[in-house]
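>>> A predicted structure for the sequence below; I have some questions about it.
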Amino acid sequence: MAKSVKIYSSPTCPWCVMAKQFLKDNSIAFQDVDVSSSQQAVDELMQKTGQMGVPVLEIDGDVIVGFNKEKIKQSLGL
Amino acid sequence: MRIYDLIIIGAGPAGITAGVYASRRRLDFLIISPDVGGQAAWSGGIENYTGYQFITGPELAVKFQEHIRSYEAVLKEGEEAVSLLKDKGAFLVKTDKDNYYARSVVIASGKRPKELGVPGEKEFKNRGLTYCAICDGPLFRDKDVVVVGGGNSALDAVLQMSGVARKIYVVNSAPSLAGDAVMRQKVGEAGNVTVFNAAQVVSVSGGKFVERVKIRNSAGENELQAQGVFVEIGLIPNSAFSREVEKNAAGEIMVDARNQTNIPGIFAAGDVTDVPEKQIIVAAGEGAKAALGAFRFLSMNQF
């Protein structure tokens, strides 16, 4: 079964753009949570991941801080 | 033991361009870098790189990647050089993962944001403290934030945040703000900015996230209640791994007109060097020169 992938991002963050491109290049479906769009998104990021910076990826509950390609590959089994 | 003709350290504009030139000279080489694109990837919009009237940093980084991958270049991404020494008549590049030998080296490792070096900085990184205002700024809507620094990048962060955050404190170590006059004027006109000149950050503290920033100036110590800290105090060269290479007071590697360092066979290019004007296009051009310099060095030494 495909893993559930969520990315917390902001539109102005270069690493977020690269992380999303990386997921697209690998045909991984993901949910994009734009933290600039609502306070609710910010609260969710802070409470669920304990982070206050983007990008943060959540892959089946696994939290990955920053665009860490190796960890993302590992977590996705790529 | 495999000895490469060339190892390029870094994959920003200088390193990638050096790689393109090395490919075209058919050198047997490696590029080693933690990331691709370097600081260029962090630029919002680039309007002064010839051939592109406008391109974003991430897009240019993708273009770099496509260009270098069109050759059979080996790019060791996610790997960082930790030392560079002479060994057995060649250069030994040790990384956090492996050891590599080469007859010549191009150092193009760029610069990184300078850290404050105060208690709480590491602990609260990504928990309210950030080195990337454009990335994380939107997270601090209606919060109080501290911007550390007084140059253009600090003022940029202040202006970006003045429409997002509630209160902005600027902690500037110099007696007055530096940066462009236009930007200083805009900062003065923003209603929610308080500037502390000749002031230092002493510590950052809080619970799960940043809550307080202690600062010190001639009046003594003062604790600011803030949920965000934006560190914008400039850049330092990533040159510490190359201990024997000559550097200037700022830690920039000194090169001659052919990008040769004080050690024959070690070349350097881009923002890590003392070449004036830290621009993407300048770094790219310097990368080309350094690769051609390395090629000439290899030919002259009949490798």
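All right, it came through fine.
>>> which helices and strands does the longest helix seen in chain B pack with?
In chain B, with assignment by DSSP state H, the single longest helix is helix B:280-300. Counting contacts by 3 or more Cβ pairs under 8 Å, 6 or more residues apart in numbering or on different chains; DSSP states H and E, helix B:280-300 is packed against strand B:3-9, helix B:13-24, strand B:99-107, strand B:266-268. No exception for glycine: its C-beta is placed from N, CA and C like everyone else's.
>>> Indicate which one of those is closest to B:D156.
Closest to B:D156 of those, according to Cβ to Cβ: helix B:13-24, at 21.0 Å.
>>> List of residues touching the closest one?
Here helix B:13-24 makes contact (Cβ atoms under 8 Å, 6 or more residues apart in numbering or on different chains) with B:5-6, B:8-9, B:11, B:29, B:31, B:33, B:36, B:38, B:40, B:64-65, B:67-68, B:71-73, B:75, B:106, B:108-110, B:269-272, B:280-281, B:283-288, B:290-292, B:294-295.
>>> tell me which residues in whichever helix or strand comes after it are buried?
With elements assigned by DSSP states H and E, the helix or strand that comes after helix B:13-24 is strand B:29-33. Going by neighbour count (16 or more other Cβ atoms under 10 Å in any protein chain shown), the buried part of strand B:29-33 is B:29-33.
>>> quick one: strand B:29-33 to helix B:13-24, angle?
160 degrees (axes from the mean of the first three to the mean of the last three Cα atoms, to 10 degrees).
>>> list the helices and strands strand B:29-33 packs on?
strand B:3-9, helix B:13-24, strand B:74-77, strand B:99-107.
>>> Describe which strands it pairs with in its sheet and in which direction.
Strand B:29-33 pairs in its sheet with strand B:3-9 (parallel), strand B:74-77 (parallel), by DSSP bridges.
>>> the inter-axis angle of that strand versus helix B:280-300?
Going by the same axes, to 10 degrees, strand B:29-33 makes 140 degrees with helix B:280-300.
>>> and residue 15, how many neighbours?
Let's take chain A. Neighbour count for A:W15, taken as other Cβ atoms under 10 Å in any protein chain shown: 21.
>>> I was thinking of chain B, sorry if that wasn't clear
34.
>>> Excluding chain neighbours, what is closest to it?
B:A108 (3.7 Å; Cβ to Cβ, 6 or more residues apart in numbering or on different chains).
>>> what's around the one you found, how many residues?
B:A108, neighbours per other Cβ under 10 Å, totals 35.
>>> check contacts around it.
B:8-12, B:14-15, B:18, B:268-270, B:272, B:283, B:287, B:290.
>>> How about the residues of the stretch 201-303 of chain B by chain A?
With Cβ under 8 Å from any Cβ of the partner chain as the criterion, the stretch 201-303 of chain B meets chain A at residues B:208-210, B:228.
>>> Pipe those into JSON lines and attach pLDDT and secondary structure per row.
What follows is those, written out as JSON lines (pLDDT from 0 to 100; DSSP: H, G, I helix; E, B strand; the rest coil):
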{"residue": "B:K208", "pLDDT": "96", "secondary structure": "coil"}
{"residue": "B:F209", "pLDDT": "97", "secondary structure": "coil"}
{"residue": "B:V210", "pLDDT": "98", "secondary structure": "strand"}
{"residue": "B:G228", "pLDDT": "97", "secondary structure": "strand"}
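>>> Same list as before, the residues you listed that is, but in JSON lines and with distance to A:S27 included.
Formatted as JSON lines, these follow (distance: Cβ to Cβ, whole Å):
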{"residue": "B:K208", "distance to A:S27": "36"}
{"residue": "B:F209", "distance to A:S27": "35"}
{"residue": "B:V210", "distance to A:S27": "38"}
{"residue": "B:G228", "distance to A:S27": "36"}
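>>> Same list (those) but as CSV, adding neighbour count.
Output for those, formatted as CSV (neighbours: other Cβ atoms under 10 Å in any protein chain shown):
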residue, neighbour count
B:K208, 13
B:F209, 17
B:V210, 25
B:G228, 26
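>>> Look up which helix or strand A:L57 falls in, please.
strand A:56-59.
>>> that older thread, output the helices and strands packed on helix B:280-300 as JSON lines; include the columns distance to B:D136 and mean pLDDT.
Shown next, in JSON lines, are these (distance: least, Cβ to Cβ, whole Å; pLDDT from 0 to 100):
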{"stretch": "strand B:3-9", "distance to B:D136": "29", "mean pLDDT": "97"}
{"stretch": "helix B:13-24", "distance to B:D136": "25", "mean pLDDT": "98"}
{"stretch": "strand B:99-107", "distance to B:D136": "30", "mean pLDDT": "98"}
{"stretch": "strand B:266-268", "distance to B:D136": "32", "mean pLDDT": "98"}
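>>> That's all I had, so thanks and see you.
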